[in-house]
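Chemist: Give me a model of this one.
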Amino acid sequence: MKENEQKYLVAGVDGSKGGWVCVSGNLNSNDNPKFDIFNNFEEIIEKKFSLILVDMPIGLEQKLIKGGRVVDREARGMLLKNKSSIFNPPSRLALSAKDYQEANKINKEQGMGLSKQSWFLFKKIKEIDSFLEIRNRPSVFESHPELVFQVMKGEAIKTKKNTQEGLKERIDILVENGFDKKFIDKFINEKNSFYKNDDFIDSCSLFWSAKRAGKKNEIQIPKKIIMDEKGIIMQMKI
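Modeler: Alright, predicted model coming up:
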């Protein structure tokens, strides 16, 4: 691929049981995107996408306050339904913990307890965080599928994504917003232990937002750029 073509490639990424699922494509093309699975985040970075949106907390604070980071509080306020899907990430100090009990203790010492949901994502949070610590940081930003689908639909998403009703609603929203139904049908309902249907559907939604962000049309949460102690931007792009 030529260099000038490479710089227009963007990706939407979601974590899965096996690693990471990724939907990518050209910023300026409506052709079918590409779907890939990756064992680790380094493989995604090596693809040299010009922009990656991922459903994972990016940027961590040490001291915690009720409600979490500014990005978490504002995103939760914007989300009309399923607000609990936006959970508070851990204190950066808790990343070194050996088990949940230790991580929860450290987190409480920094101002807030740690949910099991957050603990289960420690490996993936640390995986991304390690790449964003480097000086020449790749363009990786946080996003949130439930907010993306809400924006796509223009109103609240009332169904749960892990139900058949919820899956159908989200597929219909994707198709209404430019996704080819054949592309979705190709990868949905596969008997694949690496990812679940909603992982794939979420990555599709993040790809949609990545294309918006690549054209500077996205919603930024918060609008003001806030960085953590390592200079990592804590902002969702929707």
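Chemist: hey, let's count contacts and neighbours off CA atoms from now on
Modeler: Noted.
Chemist: ok, and what's touching the lengthiest helix in the chain?
Modeler: Identified as the longest helix of the chain according to DSSP state H is helix 197-214. The contact list for helix 197-214, computed with CA atoms under 8 Å, 6 or more residues apart in numbering, reads 10-16, 21-24, 27-28, 51-55, 143-145, 148-149, 161-162, 167, 170-171, 174, 187-190, 218, 237-238.
Chemist: Which ones among the residues you listed lie within strands?
Modeler: Within the contacts of helix 197-214, residues falling in strands by DSSP state E are 10-15, 21-24, 51-54, 237.
Chemist: any idea which of those residues has the most stuff around it?
Modeler: The most crowded member of these, judged by other CA atoms under 10 Å, is Val13 (32 neighbours).
Chemist: Please report the distance of the spatially most central residue of the chain from Lys158.
Modeler: Among the residues of the chain, Asp55 comes closest to the average C-alpha position under CA atoms, centre = their mean, at 1.3 Å. As judged by CA to CA, to the nearest Å, Asp55 and Lys158 stand 20 Å apart.
Chemist: now Asp14
Modeler: Computed as CA to CA, the Asp14 to Lys158 distance reads 21 Å.
Chemist: Hmm, Gln62 and Gly111 touching each other?
Modeler: No: because the distance of 9.3 Å does not satisfy CA atoms under 8 Å, Gly111 is recorded as not touching Gln62.
Chemist: neighbours around the closest residue to Gly19 other than its chain neighbours, how many?
Modeler: In space, Gly19 comes closest to Asn39 once its chain neighbours are excluded; the distance is 4.6 Å by CA to CA, 6 or more residues apart in numbering. Other residues lying near Asn39 total 15 when counted by other CA under 10 Å.
Chemist: For the protein, just list every one of the helices.
Modeler: 3-6, 41-45, 70-78, 100-109, 116-120, 122-132, 145-153, 164-176, 181-187, 197-214.
Chemist: Of those helices, flag the one that's most buried.
Modeler: Of all the helices of the chain, helix 197-214 has the most neighbours on average by mean count of other CA atoms under 10 Å, namely a mean of 25.
Chemist: Lowest average confidence across helices and strands of the protein, where is it?
Modeler: helix 3-6 (a mean of 56; mean pLDDT, DSSP states H and E).
Chemist: what pLDDT does the closest residue to Phe141 other than its chain neighbours get?
Modeler: Closest residue to Phe141 in three dimensions, ignoring its sequence neighbours and counting by CA to CA, 6+ apart: Leu53, at 5.0 Å. According to the per-residue confidence, Leu53 scores 98 in pLDDT.
Chemist: One more: the one 5 residues further on?
Modeler: The predicted local distance difference test score for Ile58 is 94.
Chemist: Report the residue spans of the chain with pLDDT below the cut-off.
Modeler: Of all residues in the chain, those with pLDDT under 70 make up the ranges 1-7, 134-137.
Chemist: make it 90
Modeler: Per-residue confidence of the chain (counting by pLDDT under 90) places the weak regions at 1-8, 27-32, 66-67, 82-85, 87, 129-138, 158, 162, 189-193.
Chemist: didn't Lys230 look like it was pressed against Phe131?
Modeler: No: with contact defined as CA under 8 Å, Lys230 does not count as touching Phe131 (11.8 Å).
Chemist: For Ser16, which non-adjacent residue is spatially closest?
Modeler: Counting by CA to CA, 6+ apart, Tyr195 is the residue found nearest to Ser16 once chain neighbours are left out, at 5.2 Å.
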